[in-house]
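Enquirer: got a predicted structure plus its sequence, pasted below:
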Amino acid sequence: MIAVKHKDVFDSNFQSVKKRCTQYFFNRNRWWLILLLVIIAYTVGVSIDVKYLNILSLSNLSAKIIIDQRATNVATIISMTLAVVGFLIGNIAIKESQTYKLLFTNSKLYPIIYFTLSTIGSLMIISLLRDSVTSEFIYSRLVITGTYLVIVVLLLIGYLFRTIIHFTDAKKIHNFLHLEFIEEGKRNLYTILIEKYSKIEYDRLMNDKSIKRRNFFDDLDFNFDGRLPLEDNGMATELDDLLAQDKVLLDVNMVDIEYYISLKQKQGQLYYSELQLGQFFDAQSQYLSCTDSPNSKAEQKLLRNSLVVRKKNVVDDPFPMRKYFDQKLEEYSQEGKHKNLEPILQSYLEYYSLQMKCEVKP
Amino acid sequence: MNDKSDITLGIDSIVLTGIEKAIERSSKETFNILLGFVRNVLQLAISHGTIKHFQEYIFSPAFIYGTSYLKARQNPAIAYLHPVYSKQAAANLKEIIWFDIGVLISNSKNIEQKKQLNEFYYWAFNGFSRLFFFIANNGDVATFKTAIQEYNQIFSFREEKYYELSRAKLDIEMQNPEDKDIRLKVLDDEIELEKKFSEYRRHALLGVYYWIVFLFYVGKINAEIANDLLNEIALQYNDSREIIYDILQLRDKSPLGYFEWQGWDYMERPSGEMYHPPYPNDWLTMGFAAAQVRIDNAYYDFSGLDSKQLKNAVFLVDAVESNFKIFQSEFEKWAKLLNVKNKEELIKRCDNVLHQLVVVKRQNIGNKEQQIAQAPLSQEKIDEFRRVIGESWKTQALVRQVFERKNCKELITSTEVKLKIIGQRTFFEKAKMMFIEGEYYQPIYNIGQIGGQIGRWEDDNFFNTAIVGKGDKLTAASILVLLETALSSLRKDNVNPDIIFMSPEHSYQDHELLASSKFVSRIKGVDAVQGTLGFFEDIPIYYSYSNFLNNRVVVAKFNDAFKMRFKTDERWYENELNVTVAAITDEQAEKRLREEPSKWKITDDGSELSDKEALMLIKTSVIIDLWTVLDFQILSSDAYTVGFLKK
């Protein structure tokens, strides 16, 4: 619904899936994925034998000679690359942790290094195996695949230089920061909208089913026990106590809730408490109740299981870029660097426009 | 940023801090860039229709002024920039109203969108109002001049629009085309918007005007500065009705946070102490009163006010009057601000204003009375009235109670026998308000007493009959002797008296009687009959408040001496007391006006009503019939005697 209502702000499904996959793949903890990829490349290289693709023929002897050379080549390239990269990184225009972080992600430094290292490692192993692998076909194929991988390494290093060079230009850096800032804004906005719409949708469902909202004054009416968790109903409090600590609502199973409603509605007027995703929420087994018949244990369980809760994540800061920008704004205005101020304010303006486009009117 | 409802939360305060820093460092470029950003966000908010973000930034110009003023005082080296910043602050607000909102609203064809944009106008004027407030508090006359200049530029282009629309409306009404209603509706909506705009414009300015007067009153600025500031403000009205209409609106809306006047304060309050900023209603009224005296060309038009506003107008007049008293009692202080040379002139001006304002009191009464005159009588209210009157009558009709107890009543059913009507038909002025439903219903307290009056008249009638029938036969100097004489005289005639009537005061005032062993007071806890004062020689003493019983005693063998004859009607209270309420008909009203024109046409304050108004006034009265039908007969004049106390 958010994607439909706020098309101009949010990506289509395809784009967002693509974005998430890329993020996953290029994460610096995914070294094993790169390694796996290299292994797959060798396996494919060895196992597939299509005649008209075999344009290169390599004798066993040449293969054994070439493999050492490739290993040396790559080692040289990598040492050279690292030295140059190190130099470039040392000379980027804005030396700040945020820009370094951005540089590492944008240049895909980690996956490229992982890939290069995997390639060197594989070449070393192939060189070691020169007398153990008896099949000439297999060995020459390993060498050829290895060489292709080396070529890929070259291309990747080229890409790496190209992107890192951008970071010597402050304007370009700002562009990257800006994109990241807006991206962060969109992410957070999305969460906000999901929470807002979840409430609207939930209220709508309750309205459609003519269920009344339980309000504060109803809860004060202590004689009206159907709406309050009962004391002797040990399970309710037990369950809720257990789950109420620092948990936020992550998802609601509307189908189950509708099932509950269809069961209970025959027994009397139903009442509901507000639900909103991302909010703290207790009384998880009593957010719907009936005036005439208190929820049974099974019903409480059903209600409880319709909610997905998660411990509130307090460690992750959802606004690192915003904080960075705020800090820069303060700094530049303090120092009177008006030229630096302009691009930052431009980004803020876009940020505002994002928020304004997504105002949910009640 | 912990509040997750808006990703932009908190940016505004960082930007404002930035502006403050830029002013402090007199970095003009940084200032301009940041101000430009503020303006951009405001524009963005207008185009997206998000009032929330607009509110966040619209007070920035006032903030800029305040900061710049403060920094300039702290550091005279940067004071030269203060006028520049101030001018920019005001100019930005002007441009927001004029271009940013104005252009959008004039391009918009959709009335709903226009209404939404009008909301932005309110906030933009609020921004201006806040700016003026800061400037006035600082008594910064030079800046005030510039700011007002900018403010005044906004209007020329709007005023024409209003007249254009009004003319268009008139045209349609004259030509009477087929789609008249639809077109009028559209125009009315548009005119309403224009009206709102000019209201905001006037109210922002009036607020500042009245605030300046208040600042002078509390001694925050002197008369010279106050005069300089006030002279800059030209209060212009398109319509003479607006003067009263505006102040009523301001007084009505200010408690609801209109223009955020509730927060306006003229001094730093010490922390940790309870305080409240001045009440807007007080200073708005004081400002209004001062403005009327100062301008001295009072003409007030109260037409078009609704009943609530008329009611409020009466309060306003009283409040203005008490402010006038302040001006007059502190003449020396106020003379310069109010542009008066001597106290006589001040009094003359105040009187002139008041003389015109009091008209509204009458008008308000007129309006109220019209409502009352036209309202139908409420049967429920009449029934309640009947109950109250009836109860009161029953407790006071003491003689009737005795007749009931002694069982010597005779019901007359024949229409041929004419009994006395005891009671009255009352033309009850302005009493209709008791018998209607709605806003003007008003009970009259203690109205029940008129029921008690009927009971007393009955008693009067009885004692009158008794006294006339017998004459003051016995006299004595003390009540004790009188009673003894009366009893013995009756006994001499072989009448065995069984009742004594006496005024109640003797039973507790007459020491001789109290000391007598023959008298047993009810106060002594004797099991006496209700309505009695006690016993004299074991004969019950009944009392009545009738004046005829003053200084008299009536002693009798009751059933032989008296009889009460009465008539009933099932429509009456307990079938015995007639209570009817009737509205005044047109003929009755006209008759009364013919009979007493001056009574109805001249009001308390000396002004004269028209015939129509006077008739309306008459019709706020009701005719109330209250009576019982009975008479008292003397069966045997030998069976009782009347004694008179000679003092």
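Expert: Perfect, I can see it now. Numbering: from 1, shown residues only, chains lettered A, B, ... in the order given.
Enquirer: pick out the residue in the stretch 51-200 of chain B sitting closest to chain A.
Expert: residue B:53 (6.4 Å; Cβ to the nearest Cβ). All C-beta spots, glycine's among them, are computed from the backbone N, C-alpha and C.
Enquirer: helix or strand: which one has that residue?
Expert: Here residue B:53 sits within helix B:51-58, counting by DSSP states H and E.
Enquirer: how about residue B:458?
Expert: helix B:449-470.
Enquirer: and for residue B:216?
Expert: In the assignment (DSSP H and E), residue B:216 maps to helix B:180-217.
Enquirer: other SSEs contacting that helix?
Expert: Under the contact criterion of 3 or more Cβ pairs under 8 Å, 6 or more residues apart in numbering or on different chains; DSSP states H and E, helix B:180-217 touches helix B:111-138, helix B:156-175, helix B:223-232, helix B:241-253, helix B:280-295.
Enquirer: okay, now the unreliable bits of the stretch 151-300 of chain A?
Expert: A:215-248, A:278-286, A:291-292 (pLDDT under 70).
Enquirer: the strands in it, which residues?
Expert: In the stretch 151-300 of chain A, the segments counted as strands under DSSP state E, counting those that start in this stretch are A:212-213, A:247-252, A:270-272, A:288-290.
Enquirer: which residues sit against the last one?
Expert: Read that as strand A:288-290. A:211, A:214, A:226-227, A:257, A:260-261, A:264, A:267-273, A:295, A:303 (Cβ atoms under 8 Å, 6 or more residues apart in numbering or on different chains).
Enquirer: just checking, what packs against the helix holding residue B:458?
Expert: Against helix B:449-470 (3+ Cβ pairs under 8 Å, 6+ apart) you get helix B:379-396, helix B:398-406, strand B:420-428, strand B:552-556, strand B:562-566, strand B:622-634, strand B:640-645.
Enquirer: and these, which is most packed in?
Expert: strand B:552-556 (a mean of 25; mean count of other Cβ atoms under 10 Å in any protein chain shown).
Enquirer: grab the CA positions of it and hand them over as PDB.
Expert: Below are the C-alpha coordinates for strand B:552-556, written out as PDB (Å, rounded to 0.1, in the frame of the first residue of the first chain):
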ATOM      1  CA  ARG B 552     -56.600  40.400  68.300                       C
ATOM      2  CA  VAL B 553     -57.800  37.100  69.500                       C
ATOM      3  CA  VAL B 554     -60.700  35.200  68.100                       C
ATOM      4  CA  VAL B 555     -62.200  32.600  70.500                       C
ATOM      5  CA  ALA B 556     -65.000  30.300  69.300                       C
END
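Enquirer: can you list the strands that that strand pairs with?
Expert: Next to strand B:552-556 in the sheet, as set by DSSP bridges, lie strand B:499-502 (antiparallel), strand B:640-645 (antiparallel).
Enquirer: how about the first one: buried residues?
Expert: Residues of strand B:499-502 classed as buried under the neighbour-count rule (16 or more other Cβ atoms under 10 Å in any protein chain shown) are B:499-502.
Enquirer: when you compare pLDDT across those residues, which one is lowest?
Expert: Among the buried residues of strand B:499-502, residue B:502 has the lowest pLDDT, at 89.
Enquirer: what's across from it in the sheet?
Expert: Residue B:502 has these beta-bridge partners by DSSP bridges: residue B:543, residue B:553.
Enquirer: least confident of the helices and strands packed on helix B:180-217, on average?
Expert: Among these, helix B:156-175 scores lowest, at a mean of 70.
Enquirer: show me what from chain A comes close to chain B.
Expert: Within chain A, the positions adjacent to chain B are A:185, A:188-189, A:191-192, A:195, A:278, A:319, A:322-323, A:326, A:329-330, A:332-334, A:336-338, A:341-342, A:345, A:348-349, A:351-357, A:359 by Cβ under 8 Å from any Cβ of the partner chain.
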